[in-house]
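**Q** Turn this into a model:
(2 chains)
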2 protein chains.
Amino acid sequence: MGKGATLAIEVRPEEKEPIFLALARAIITEIEKGKLKPGDPLPGTRALSRNLILNRNTVDAAYHELTMQGWLTAESSRGTFVARDLPDFGRELRLVQPAVATADRKRPMLDLSDGAPDPRLVPIATLGQAFRRALSSPSFLVDRAYGDPRGSLALREALSSYLKDERGLAVGADNMLITRGSQMALFLAASALMEPGAAIAVETPGYPLAWGAFRAVDARVVGVPADEGGIDIDALELLARREKRLKAVYVTPHHQYPTTVTLGAARRLRLLELARRHRLVVIEDDYDHEFRFDGRPVLPLAARAEADVPVIYLGSLSKLLAPGLRVGYAIAQPALIRRMADRREVIDRQGDLPLEHALADLITEGAVRRHARKARRVYHARRDRFAALLRERFADVAEFSIPAGGLAVWLRLREETTVSAETWSTNAGRLGLSILPGVRFMMTPTSPPEAFRLGFARLKDDEMIKAVDLLDRSRP
Amino acid sequence: MGKGATLAIEVRPEEKEPIFLALARAIITEIEKGKLKPGDPLPGTRALSRNLILNRNTVDAAYHELTMQGWLTAESSRGTFVARDLPDFGRELRLVQPAVATADRKRPMLDLSDGAPDPRLVPIATLGQAFRRALSSPSFLVDRAYGDPRGSLALREALSSYLKDERGLAVGADNMLITRGSQMALFLAASALMEPGAAIAVETPGYPLAWGAFRAVDARVVGVPADEGGIDIDALELLARREKRLKAVYVTPHHQYPTTVTLGAARRLRLLELARRHRLVVIEDDYDHEFRFDGRPVLPLAARAEADVPVIYLGSLSKLLAPGLRVGYAIAQPALIRRMADRREVIDRQGDLPLEHALADLITEGAVRRHARKARRVYHARRDRFAALLRERFADVAEFSIPAGGLAVWLRLREETTVSAETWSTNAGRLGLSILPGVRFMMTPTSPPEAFRLGFARLKDDEMIKAVDLLDRSRP
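**A** The predicted model follows:
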C-alpha cells in the first residue's frame, strides 16, 4: 500500500465516542484481520481524510493515538507504518508461560494452558469510560482519602444484587469482601480460618495456587481424590473421621479444576451434610460461573447451604473480564467477612477505588451482563470447534468429555498408549506451544494422570488450528 | 436560576477532548466554586445550547454524563438539578474517618488527620486517557493472560529510571517489586525477612499499620523512642546488643511518621554502621519523598548504603497521586525481591496490568514529574498558610516546628497546659472534625505525647479556615 493509497474501512463511532477513536478502532481491526501487516505503510493523512470524508485533524489524532498505543510507528520523513514488533495476528498469538517469577520478555509462545478468558472480548471503550467517570466522580475526588478494607460499598451492593439475580445467593453488602482476584480471597479465607497445624482438605488433581495460599498460613493441606464425578465424598468422610484437626474443605464444584467436571446433586448433598456433622467450613471456588454452555449454570452450594453449614463462596471478575484486571470477592457471614477484612487491612489496606467504582457502574448499568452473554456465545462456539479438532486429530491416542462449562478441556491419554503427557508437553514447549500436563495439578509427582488441561477460550479459529497443529507435531 | 435561564460559563475543550466533556467540566467547576448549589435547577438544554452556541445533543450528553457521575439529578418532568447529596464545596469537605472496617456511609466529617494528598489535584484526564490506552494496547490484549508477580516490566523500568534521576537510587527492574500501595510492600518485606518470634525495631511514636504488618507474620515488634532528631540511635544500639533475635529495623528517615522530623546526617551514618555491625536489615519507608518544601529532598539511606548493609526501600505512588489508587513498590537486592515476589504470588498473584501500564506511561512521558511539581507548589503554599493559622490561633496552648517536608504538622501541646490531646480530639469529633491525638501512634497508651498529627494537604483555603475554626471551638 503506497503513501497515496487509501484504506477501505468503515468508521462507525459508538455512542459518544469521538470519531478519531472510531477510526483508530477500525484500523486496529484491519491489523487484527491481517489486512494490514507489520511493516505495511499507511496512507497519508491527507489522502485518507479526503477518501473517508473526515477532517484531516481527525485522521492525525487517530494516527497519533495508535502510535501512542504501539500499533503504528511514525518514521519522520517516510510516513506512518504498522509497527513491526506486533504479533502476526494472522498466524499466532504471543502468550505468557505459566505464571512464574521470571522476566517479562519471552519468546513468542502459543498457549493452550490453564483456561484464561480472551481479553480481546473486553468492552474496552465502556470500561475506559467508566474508569474515567469514576476518577471524576465526587466520591473519588472529595468523599474520602482511604476506603473500607471490604471494598467500596457501591461495588458490594452492585455485586450482591447481581449475584442474587444470577446465582440465587441471598446476600447483602455486609456478606461481601472485594479482593484482588480470587487468589487474595483464598489467602484471606485461609488466614481467617486456619491456625498453624490445622488441616484443610483439597481436591487432587486440583489447584496448586490455592494450596500455596493455605500453606502460607502454615495449614496442612491434605489431598482427597477427585474422579469423573468430582471430589470423592467417601474419601473425604474417611479423612474427616480420622483427622481431628480438619477445619475446612476447598472445592470447585461447578467446574472442577482441572478436570472441568460438575459435582452432581447427590455428592453436593452429602458434602453439605458431612460438613455439618464434622463442623467443616466449605470454601467453594466458583471461578468461572458464567461460562456454562449446556443448560443453566448449577446453583452454588452457598445458595443451598443451611445456616449451620458455613460456606465461604469465592468468585472472580478477572475470569469474567480479563485476568489482568484483578478483582475477586468472598461471600460469607458478616463476622467472618470482618475477620478477613481485618487481615486484609494489614496486607494492602484496601482496593483501588476508581477501578471498584468503574466496575460497580458496569454491573449496575448492565454492561457486565451483556459482556457475559457475548463471551458465553463466543466461548461456546470455540469449545465446539476445539472439541471437533481434538476428536479429528487425537482420537487414536486420547479421549475427553465435552465440558458442560468452563474454558478448558481435560484431555486424557488412552490407557493403552504408553505416551507420557509430561514428555509431550516438553516437546510442545520446544515448538513454542505451552500446555500443562496432569502432573502439574498433583500434590505429589507419583502416578500423575496422563492428561492435559487445555484452555481454548483465548484462541480464534486460525490460532486454534495452529495450536492443535503444534500439539499434533509434538507427539512423543 | 429558572429553567429558561442560562449559565455564564466558558467551555474550553482540552486537546482531543469531546466538547460535551469540556462542558461537563465547566459545570463541575461552577458547582465546586459554589455558584451552583445543591438543589439548584439547571437551565433547560434548549436554552443553554442556544446561549452557548452548542449543539443541543452536546448539552444533553454533558447533562447525562454529570447525572451518571452523581453531580446532577434528573427529575423527569421538572428538569435537571444539582444533586442534593453533594458536599457543600463552599464550606466543607466530607472526608473519611481514620481507616477502620466500618460502613462506607458516614456523616460528613472535616478531616485534619494523617496527611493524605488532595485527589482533586490528580491529572484526571491524563490518567483516564492513559488507562484507556493501556486497555487497548497490544500488550494487554494479546501478549499475556497473567503477568509477573513483581509487576509489569514497563512500570519497573520506568520507575527505576525515575528513581535514578530523582533520588540517586542506582537500581534496575530486577531490584523492584510493584505492590498494592506501600502497605503490601511492608507485609511482603515482613514475610520475607521475619520468622515467628524474631524481633523488629520500630520508631515510637510511629506507624501502627506497619506494626500490624509485622505482627501478622508473628514477629515481635519492639519500640525505640523517636525524638526531635528522629529515631534514638543510642536506644537502638542498646536494644541490638540485648536482643539477640533482632533482625531488622523499620524507619521513616525522610519525614518521620508521625512527627515529620528528618533524620540528620550523623544519625544516618550511625544507623547504617549499627545495621552493618549487628546484621540488621534496614526497612526504609520513604512514603512522601516528593513533598519537600525547604531545600532539596534528602537522599535515601538506600542511596548511600554499602553493599554489606541490606536496605529494603519502600515508596508509594498512592501518596504522590491519590490514596485511592493503590500502587507502591519495594526496592532491594534481586534475591530478596524474588523471595517477596514468591510470597506475593500466593497472596494476590500480580497487580492490575492496565493500571500498571498506564502509570508506566505517565512516568515515561513526564506527567508524574509535572504532577509532583504542581502538587509540591500547592502543598507548599498550604503548609505556610496552615502554619500561619496555627500560630495565630493556638500560640497560647501549643507549639510546632514548620515541617521541611511532608503533608502534616506535629502540633505539641505546651507542657504548662493541662489540656489532654485525647479529650480535645473527642470534642472535635463531636463537632465534625477528625484529628488524631498522639496516643494513636504509640505502642502502649501510657504517657502518650500530648500532640496531634494534623494533615493539611487536602484542604483548600476556606476548608482550612473552617477546620482550624472547629479545632479552636473544640478546645477542652
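
**Q** list the contacts for the spatially closest residue to A:L459 that is not a sequence neighbour?
**A** Once flanking residues are discounted, A:L459 sits nearest to A:A467: 6.0 Å by Cβ to Cβ, 6 or more residues apart in numbering or on different chains. Using the backbone N, CA and C atoms, a C-beta is placed for each residue, glycine as well. Counting by Cβ atoms under 8 Å, 6 or more residues apart in numbering or on different chains, A:A467 touches A:L110, A:D111, A:L112, A:L433, A:L459.

**Q** now do A:T80
**A** Residues in contact with A:T80 (Cβ under 8 Å, 6+ apart) are A:P41, A:L42, A:Y63, A:T67, A:L72, A:T73, A:A74.

**Q** same thing with A:I435?
**A** A:I435 neighbours (Cβ under 8 Å, 6+ apart): A:L112, A:S113, A:W424, A:S425, A:A428, A:G429, A:F452, A:L454, A:L471.

**Q** Ok, A:R276 next?
**A** Contacts for A:R276 (Cβ under 8 Å, 6+ apart) come out as A:E306, A:D308, A:V309.

**Q** from those, which would you call buried?
**A** Buried by 16 or more other Cβ atoms under 10 Å in any protein chain shown: A:V309, out of these.

**Q** Distance from the chain centre to stretch A:252-259, please.
**A** Going by Cα atoms, centre = their mean, to the nearest Å, the spacing between the C-alpha centre of stretch A:252-259 and its chain's C-alpha centre is 14 Å.

**Q** Sorry, wrong one. I was asking about stretch A:311-326.
**A** 7 Å.

**Q** pLDDT averaged over that stretch - what is it?
**A** Averaged over stretch A:311-326, pLDDT sits at 87.

**Q** swap in stretch A:185-194?
**A** For stretch A:185-194, the mean pLDDT works out to 96.

**Q** Would it count as contacting chain B?
**A** Yes - judged by Cβ under 8 Å from any Cβ of the partner chain, stretch A:185-194 and chain B are in contact via A:F187.

**Q** go on, stretch A:44-54?
**A** No - using Cβ under 8 Å from any Cβ, stretch A:44-54 never reaches chain B; the gap is at least 14.7 Å.

**Q** and what of stretch A:326-343?
**A** Yes - residues of stretch A:326-343 are located near chain B by Cβ under 8 Å from any Cβ, namely A:R326, A:R338, A:A341, A:D342, A:R343.

**Q** Could I get the full set of strands for the stretch 251-400 of chain A?
**A** According to DSSP state E, counting those that start in this stretch, the stretch 251-400 of chain A carries its strands in the segments A:281-285, A:311-316, A:328-331, A:398-399.

**Q** still on that earlier bit, now a PyMOL select for only the buried ones of the contacts of A:T80.
**A** The following PyMOL line selects those of the contacts of A:T80 that are buried, judged by 16+ other Cβ under 10 Å:
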select buried, chain A and resi 41+42+63+72
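
**Q** Which ones among the contacts of A:T80 lie within helices?
**A** Counting by DSSP state H, the part of the contacts of A:T80 found in helices is A:Y63, A:T67.

**Q** Single out whichever of the contacts of A:T80 has the smallest pLDDT.
**A** Going through those one by one, the lowest pLDDT turns up at A:T67, 74.

**Q** Just give the closest residue to that residue, not the sequence neighbours.
**A** Once flanking residues are discounted, A:T67 sits nearest to A:A74: 5.4 Å by Cβ to Cβ, 6+ apart.

**Q** What of A:W211?
**A** A:V221 (4.8 Å).

**Q** which residues does the one you found contact?
**A** Counting by Cβ under 8 Å, 6+ apart, A:V221 makes contact with A:A199, A:I200, A:V202, A:W211, A:F214, A:R215, A:M443.

**Q** phi, psi of A:S401?
**A** Dihedral pair for A:S401: phi -100, psi 140, per degrees, to the nearest 10.

**Q** can you tell me the helix or strand for A:R430?
**A** Per DSSP states H and E: A:R430 is located in helix A:421-431.

**Q** Quick one: mean pLDDT over that helix.
**A** When pLDDT is averaged along helix A:421-431, the result is 92.

**Q** Which strands and helices lie in contact with that helix?
**A** On a contact count with 3 or more Cβ pairs under 8 Å, 6 or more residues apart in numbering or on different chains; DSSP states H and E, helix A:421-431 meets strand A:436-437, strand A:451-455, helix A:461-473.

**Q** List just the one of these that sits closest to A:L321.
**A** The minimum distance between A:L321 and those falls on strand A:451-455, with 16.2 Å, by Cβ to Cβ.

**Q** helices and strands around that closest one, which ones?
**A** Contact here means 3+ Cβ pairs under 8 Å, 6+ apart; on that basis strand A:451-455 packs against strand A:408-413, helix A:421-431, strand A:436-437.

**Q** phi, psi of A:A248?
**A** Torsion angles at A:A248 (phi, psi; degrees, to the nearest 10) stand at phi -160, psi 160.

**Q** what about it, neighbour count?
**A** 23 (other Cβ atoms under 10 Å in any protein chain shown).

**Q** quick one: it and A:H278 touch, right?
**A** No - taking Cβ atoms under 8 Å as the definition, A:A248 is not a contact partner of A:H278, at 10.4 Å.

**Q** quick revisit: drop anything exposed from the contacts of A:I435.
**A** By 16+ other Cβ under 10 Å, the contacts of A:I435 give A:L112, A:S113, A:W424, A:S425, A:A428, A:F452, A:L454, A:L471 as buried.

**Q** Kindly report the residues of the stretch 301-450 of chain A close to chain B.
**A** With Cβ under 8 Å from any Cβ as the criterion, the stretch 301-450 of chain A meets chain B at residues A:322-326, A:338, A:341-343, A:345-355, A:361.

**Q** so how far is A:L112 from the residue nearest to A:L459?
**A** Going from A:A467 to A:L112 by Cβ to Cβ, to the nearest Å gives 5 Å.

**Q** any common contacting residues for those two?
**A** Common neighbours of A:A467 and A:L112 (Cβ under 8 Å, 6+ apart) are A:L433, A:L459.

**Q** Mark out where each domain of chain A begins and ends.
**A** Split into domains by automatic domain parsing, chain A comes to A:1-98, A:135-367, A:370-473.

**Q** And for A:P437, the neighbour number?
**A** Using other Cβ under 10 Å: A:P437 sits among 23 other residues.

**Q** Leaving out sequence neighbours, find the closest residue to it.
**A** Distances taken as Cβ to Cβ, 6+ apart place A:A421 nearest to A:P437, at 3.8 Å, with adjacent residues excluded.

**Q** So the one you found is in contact with A:A451, correct?
**A** Yes - using Cβ under 8 Å, A:A421 is in contact with A:A451, at 6.0 Å.

**Q** what do these two both touch?
**A** Contacts common to A:A421 and A:A451, judged by Cβ under 8 Å, 6+ apart, are A:L413, A:P437, A:G438.

**Q** Can you tell me how far A:L362 is from chain B?
**A** Separation of A:L362 from chain B (Cβ to the nearest Cβ, to the nearest Å): 12 Å.

**Q** Please apply the same query to A:I31.
**A** Distance, A:I31 to chain B, by Cβ to the nearest Cβ: 9 Å.

**Q** same check, this time on A:R475
**A** Distance of A:R475 to chain B, computed by Cβ to the nearest Cβ: 25 Å.

**Q** swap in A:G115?
**A** Taking Cβ to the nearest Cβ, one finds A:G115 at 9 Å from chain B.

**Q** Then A:S136?
**A** Taking Cβ to the nearest Cβ, one finds A:S136 at 5 Å from chain B.

**Q** same deal with A:D227?
**A** 27 Å.

**Q** Also A:K319?
**A** Separation of A:K319 from chain B (Cβ to the nearest Cβ): 10 Å.

**Q** With A:A134 instead?
**A** 9 Å.

**Q** so who does that residue touch?
**A** Residues near A:A134 by Cβ under 8 Å, 6+ apart: A:F140, A:L353, A:P354, A:L355, A:H357, A:A358, A:D361.
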